[in-house]
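S.K.: only geometry, no sequence info:
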């Protein structure tokens, strides 16, 4: 390690943290840059930190975020040694980490990442293939379930597909996202080559007009119902346009298996490494049409889906929330300086977590990132305070009023505004229902909200008038 005394001093400070191994890896990887520049990485400017991030080459966005948080905390620890007494990471944009993800070896995607890729597809005919694979439509090696799907095989109201691979039939319920893409793909009449960036004389080609969802280009009619139609589009888009060279139809399907496992994990409140074959893996297998071995196991799933890979993709949001948030004892006499230090160090990760869950102010709907802050419902006391259920995302002014117990949220998720606030605008928020996550396991803790309501009542001197 470069400047080993300071590195060891820092590692001693965080002794017992689960991140010691990651810090050690970063310190070993940064040696050559530190030697070349003649300074410790806590003195790096933003350009130098960007070069280090490229060198570390994280394979997923979650990994990139994790490295960023560790570097942020390390620099923060030594920022008083810096000439500017500041942390260069304070100036970065919200998605700064995303640019450093190494695409060359990526095979798997979290659903949010796939949604972003699908959003960049100019042809619904391409996008729907990726979504169908992710949701379990396949058809063995020839993709017959996808190729055989016709518009009359879709129950639009129930979001159910009637699938056949030519021999076997089954039904599959799909997401609203998938249904929307199916509708757009059916309506599509023309196909834009190279995702709209073709320099060919005729960059737009007419699609074959028939009842199938997935259709080929009219001039290639002979290949219209062949598996090459699927393979060619994946190769063109993922490998050539988006530069993910290791993505295949199978890895897209396996990415979907991971998301299905995450959903089951949250619903059943068990970790993936605690799944059993009969109740858990069998549900994933049913969706993805995977047959068990003679002893009832599913190696076609479990050899790809495990808790380590899933956590790499889905991160802290799938710590699976097995235990609901419990209020932290008010009698905790932790040193205030230590509390403030740990709160400051964990702030970027907590804010990113709240942003991923809510995306906008839960009360006003404001989505401009620069004016949004992650808010602890029960005030921060220790690292356990950063539980997803003890946080919400609020606009700066609302956050201040919330912390001062002039605005609160009751345990029915309704906004309550203190009569001490005279502003007509703020009073207009009273009674509004906050915007909640789609996943109920991520809802704000009612215990935290009740705790906050007790402070609100005291502040407003309305103990008998406010119904929590």
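M.R.: Everything's here; your move. Please read these numbers as outputs of a predicted model, since none were measured by experiment. Numbering: from 1, shown residues only.
S.K.: show me how the chain divides into domains.
M.R.: Here the domain parsing of the chain from automatic domain parsing is 4-99, 111-247, 250-318, 336-460.
S.K.: what is the neighbour count of residue 85?
M.R.: Residue 85: 8 surrounding residues under other C-beta atoms under 10 Å. The C-beta positions use only the backbone N, C-alpha and C, and glycine is treated the same way.
S.K.: ok, residue 380 next?
M.R.: Using other C-beta under 10 Å, residue 380 is surrounded by 20 other residues.
S.K.: next, it: secondary structure please.
M.R.: Classification of residue 380 using DSSP: H, G, I helix; E, B strand; the rest coil returns coil.
S.K.: now it: phi and psi?
M.R.: Dihedral angles of residue 380 (phi, psi; degrees, to the nearest 10) stand at phi -60, psi 130.
S.K.: what do you get for residue 15?
M.R.: phi -50, psi 130.
S.K.: could you check the pLDDT of it?
M.R.: Residue 15 carries a pLDDT value of 81.
S.K.: would you mind measuring from it to residue 9?
M.R.: The gap separating residue 15 from residue 9 is 11 Å, by C-beta to C-beta, to the nearest Å.
S.K.: between those two, who's got more neighbours?
M.R.: Remark: of residue 15 and residue 9, residue 9 carries more neighbours, 12 against 7, as counted by other C-beta under 10 Å.
S.K.: give me the element that one is part of.
M.R.: Per DSSP states H and E, residue 9 falls inside helix 4-13.
S.K.: gap between that helix and the chain center?
M.R.: 32 Å (C-alpha atoms, centre = their mean, to the nearest Å).
S.K.: again with stretch 432-440
M.R.: 17 Å.
S.K.: ditto for stretch 108-118
M.R.: Computed by C-alpha atoms, centre = their mean, the separation of stretch 108-118 from the middle of its chain amounts to 9 Å.
S.K.: from here on, count from 742
M.R.: Noted, 742 is the first residue going forward, which turns the last one into stretch 849-859.
S.K.: show residues contacting it.
M.R.: 801-803, 868, 871-872, 875, 918, 922, 979, 983, 992-993, 995-996, 999-1000, 1050, 1054-1055, 1097 (C-beta atoms under 8 Å, 6 or more residues apart in numbering).
S.K.: can you pull the pLDDT of the nearest residue to residue 781 once chain neighbours are set aside?
M.R.: Using C-beta to C-beta, 6 or more residues apart in numbering and skipping the chain neighbours, the partner closest in space to residue 781 is residue 744 (4.4 Å). What the model reports as pLDDT for residue 744 is 90.
S.K.: for the one 4 residues further on, same thing?
M.R.: Confidence per residue is given as pLDDT, and for residue 748 that number is 92.
S.K.: what do you get for residue 1076?
M.R.: Predicted confidence (pLDDT) for residue 1076: 58.
S.K.: and for the one 5 residues further on?
M.R.: You'll see residue 1081 listed with a pLDDT of 71.
S.K.: quick one: contacts for it?
M.R.: Neighbours of residue 1081 in contact, by C-beta under 8 Å, 6+ apart: none.
S.K.: and it, how far from residue 1130?
M.R.: Residue 1081 sits 23 Å away from residue 1130, going by C-beta to C-beta.
S.K.: and if you look at residue 929?
M.R.: Note on residue 929: its distance to residue 1130, by C-beta to C-beta, is 42 Å.
S.K.: how about the strands in the stretch 942-1091 of the chain?
M.R.: For the stretch 942-1091 of the chain, the strands defined by DSSP state E, counting those that start in this stretch occupy 945-947.
S.K.: distance from the helix or strand hosting residue 871 to the middle of the chain?
M.R.: Residue 871 is part of helix 865-876, with elements assigned from DSSP H and E. Distance, stretch centre to chain centre, for helix 865-876: 19 Å (C-alpha atoms, centre = their mean).
S.K.: check which helices and strands the next helix or strand after that helix sits against.
M.R.: Later in the chain than helix 865-876, the nearest helix or strand by DSSP H and E is helix 885-888. Using 3 or more C-beta pairs under 8 Å, 6 or more residues apart in numbering; DSSP states H and E, the elements in contact with helix 885-888 are helix 865-876, strand 901-905, helix 968-975.
S.K.: so how far is the helix or strand just after helix 885-888 off the chain centroid?
M.R.: Sequence-wise, the next helix or strand downstream of helix 885-888 (DSSP H and E) is strand 895-896. With C-alpha atoms, centre = their mean as the basis, strand 895-896 stands 29 Å off its chain's centre.
S.K.: go on, stretch 893-901?
M.R.: Counting by C-alpha atoms, centre = their mean, stretch 893-901 comes out at 28 Å from the chain centroid.
S.K.: what pLDDT, on average, does that stretch get?
M.R.: For stretch 893-901, mean pLDDT is 96.
S.K.: just the buried residues of that stretch, please?
M.R.: 894-895 (16 or more other C-beta atoms under 10 Å).
S.K.: now stretch 853-872
M.R.: 854-855, 858-859, 862, 864-872.
S.K.: would you turn the residues you listed into JSON lines with distance to residue 1157 and pLDDT?
M.R.: Formatted as JSON lines, the buried residues of stretch 853-872 follow (distance: C-beta to C-beta, whole Å; pLDDT from 0 to 100):
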{"residue": "854", "distance to residue 1157": "38", "pLDDT": "87"}
{"residue": "855", "distance to residue 1157": "39", "pLDDT": "92"}
{"residue": "858", "distance to residue 1157": "41", "pLDDT": "93"}
{"residue": "859", "distance to residue 1157": "40", "pLDDT": "95"}
{"residue": "862", "distance to residue 1157": "44", "pLDDT": "95"}
{"residue": "864", "distance to residue 1157": "48", "pLDDT": "96"}
{"residue": "865", "distance to residue 1157": "44", "pLDDT": "97"}
{"residue": "866", "distance to residue 1157": "50", "pLDDT": "96"}
{"residue": "867", "distance to residue 1157": "48", "pLDDT": "96"}
{"residue": "868", "distance to residue 1157": "43", "pLDDT": "96"}
{"residue": "869", "distance to residue 1157": "45", "pLDDT": "97"}
{"residue": "870", "distance to residue 1157": "48", "pLDDT": "96"}
{"residue": "871", "distance to residue 1157": "44", "pLDDT": "96"}
{"residue": "872", "distance to residue 1157": "41", "pLDDT": "97"}
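S.K.: need the three-state assignment for the nearest residue to residue 819 once chain neighbours are set aside.
M.R.: In this structure, residue 819 finds its nearest non-sequential neighbour in residue 783, 4.0 Å apart by C-beta to C-beta, 6+ apart. With three-state DSSP as the basis, residue 783 sits in helix.
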